[in-house]
Structure formats: C-alpha cells, structure tokens
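Undergrad: Okay, sequence plus prediction incoming.
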Amino acid sequence: MKAAILQMQVVLGEPEQNIATLHRLAAQAMEKRPDVLLLPELWLQGFYPQPITDYADVEGEQVQSLLSRLALNYQVNIVGGTVARSHQGQVFNTCYVFQRDGQLTASYDKTHLFTPGGEHQAFTPGNKLVTFNLAGTKCGVAVCYDLRFPELCRSLALSDIQVLFIPAAWPLKRLRHWQILLQARAIENQIFIAACNAAGHDSSQQRLAGHSAIIDPWGEILTEAASEETILYSSLDLTAQAGIKKALNVFHDRRPQLYL
C-alpha cells in the first residue's frame, strides 16, 4: 500500500480556502500515484471556529460530494480526515472514507472529546469504533485525542486491522506526546500507523505541531514531516506484519481475563 499524507496548512474558519488547498495538494500527491490519501482533522473548518454550529457541514453533504468526486477522478482511496458535521441539532467530528470508485465505505465520529479544551461543549461524541477494507487491507481510524486511549487502539488491533489511520489537529506544545504515543501504539499493537496532523493554528492561536508520520509495526519511523505544510509518501510493506507477529507474538501471550 502506497500512502500519501496531506499535511495541510488549515486556515481557521475559511472553508473555501481550505478546499482550494486540498485540491492543490491532492493534484500534487497524485503525481506519485498513491493508493490512499489521508487528510488532517477538521481540515475544512479549522480547529475550530466558534460557534461551530455556524460552520458545520449539514449532514456532511458538502464534504461527501467533494471527497467522492476526488476519489473517483483520481481513482484513489481517501481517508478524509474529519469535518464538523451537523445532524439533528448536534455537531459531530466525522471522518469519511471513500473507495477508488467514489463510493463511501465508512464513517467514524470521534469518540473521545478533549474536555480540557472544551471540545465536549461543542461536539457530540460518537459511540462506535469503525473498521473498513481498502484494496483488500483491513484498516481502522482514530482521531487525535483518541490516540491517548490505548483501549481504543487495542480493540481495533484485536479485530485484525493492519493499518490505523489517525487524522489530528495536535498542538506543538505537546509534540513529544504525539511522537511517543504514535510509536507506542504501533509497537504494542503490531500495526502500521499513518498519522496526518494539520499545520497552522487553532482557535486559541496555539500552533499546530505538524509532524505527520508513518510508522511500521516495529515502531520504526518510515517518514516524518516537520511543522510546515507538506506531503509525505511511504510504501507500507503489509507482508512484513505477519513476520513481526510470528517473531514476537504478544497477542498469543495476552491474558485478557486479568484485564477486566
């Protein structure tokens, strides 16, 4: 699987500008013919203009139409970061996943909301985990703060995913947490991690960290960005995962009866 991560410079509260950035970076990325594009968290609205209800995409219709056309036109799978989606008076932080033929294959509402920043006051949490198949590869998705909850990532790993995609809007001041947790989740679950963080600033003028990365099941960093807008590319050798699990079969040695 060849992945391209679009570490977008996201402008707060400027959806048309962010859409233009997406088109520009997607066109550039597709020159290398990746199998999948990964976008950051809240790439359309930024993280996050207030009140978010004024900026939310009603039922996700605008973003679904846009990403479907991109997937079909470029014949590429898209893990579409997240957008603020309004539904029956509530706003969710939603990731849409599209196949090469433009068909929606999965959607995930961020389940863990960052209460220290008041995210729970603006968004409604999702209540289910999601897996999906891209070109025969079983994948999962988690969003930003979800990374701090090992139970979520382990649950996805126990469902035999090979790749975990993580869109984020993670701040620079907690960059080391981002880097360490990405490697830890890859190592402990023996999965590939493809993580796309945004560049730019959030609504409190905190600088976002960037440093998107792709990490293999041994925790080796295959590629990592700096803090500015860029595109990362890497090929994920999915056949290597079986050898890693055979050499160090931590899942065989689990004792789940002790963990309840």
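TA: Looks like it came in fine.
Undergrad: only C-alpha atoms for contact and neighbour calcs from this point on.
TA: Will do.
Undergrad: Adjacent strands (with direction) for the top strand by length along the chain?
TA: Criterion DSSP state E: the longest strand present in the chain is strand 90-98. Taking DSSP bridges as the criterion, strand 90-98 pairs within the sheet with strand 77-79 (antiparallel), strand 83-87 (antiparallel), strand 104-109 (antiparallel).
Undergrad: For residue 134, find the nearest of these.
TA: strand 77-79 (7.1 Å; C-alpha to C-alpha).
Undergrad: Show me how far the closest one is from its chain's centre.
TA: Chain-centre distance of strand 77-79: 10 Å, with C-alpha atoms, centre = their mean, to the nearest Å.
Undergrad: what ranges do the strands span in the stretch 51-200 of the chain?
TA: 57-58, 77-79, 83-87, 90-98, 104-109, 131-134, 137-141, 163-168, 192-197, 199-200 (DSSP state E, counting those that start in this stretch).
Undergrad: Pull out the buried residues from the third one.
TA: Within strand 83-87, the residues that count as buried by 16 or more other C-alpha atoms under 10 Å are 83-86.
Undergrad: do the same with the longest one
TA: Of the residues in strand 90-98, those scored as buried under the neighbour-count criterion (16+ other C-alpha under 10 Å) are 91-98.
Undergrad: model confidence over that strand, on average?
TA: On average, the pLDDT along strand 90-98 is 98.
Undergrad: Contacts for it next, please.
TA: 42, 52-53, 56, 64, 67-68, 71, 77-86, 104-110, 122-126 (C-alpha atoms under 8 Å, 6 or more residues apart in numbering).
Undergrad: what does the first one give?
TA: Residues from elsewhere that reach strand 57-58 (C-alpha under 8 Å, 6+ apart): 63, 83-87.
Undergrad: Tell me the strands beside that strand, with direction?
TA: According to DSSP bridges, strand 57-58 has these partners: strand 83-87 (parallel).
Undergrad: Check the last one too.
TA: Based on DSSP bridges, the strands next to strand 199-200 in the sheet, each with its direction, are strand 9-10 (parallel).
Undergrad: Which helix or strand lies directly C-terminal to the partner strand?
TA: Scanning forward in sequence from strand 9-10 by DSSP states H and E, the next helix or strand is helix 15-29.
Undergrad: Please give me every residue in contact with residue 9.
TA: Residue 9 touches 18, 21, 198-200, 228-229, counting by C-alpha under 8 Å, 6+ apart.
Undergrad: Would you check how far apart it and residue 214 are?
TA: Taking C-alpha to C-alpha, to the nearest Å as the measure, residue 9 falls 19 Å from residue 214.
Undergrad: Give the residue spans of this protein that score low on pLDDT.
TA: Scanning the chain for pLDDT under 70 picks out nothing.
Undergrad: one step back: neighbour count and distance to residue 174 for the contacts of residue 9 - can I get that in JSON lines?
TA: Compiled in JSON lines, the contacts of residue 9 are given as follows (neighbours: other C-alpha atoms under 10 Å; distance: C-alpha to C-alpha, whole Å):
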{"residue": "18", "neighbour count": "20", "distance to residue 174": "24"}
{"residue": "21", "neighbour count": "19", "distance to residue 174": "26"}
{"residue": "198", "neighbour count": "35", "distance to residue 174": "14"}
{"residue": "199", "neighbour count": "29", "distance to residue 174": "14"}
{"residue": "200", "neighbour count": "23", "distance to residue 174": "15"}
{"residue": "228", "neighbour count": "16", "distance to residue 174": "16"}
{"residue": "229", "neighbour count": "19", "distance to residue 174": "18"}
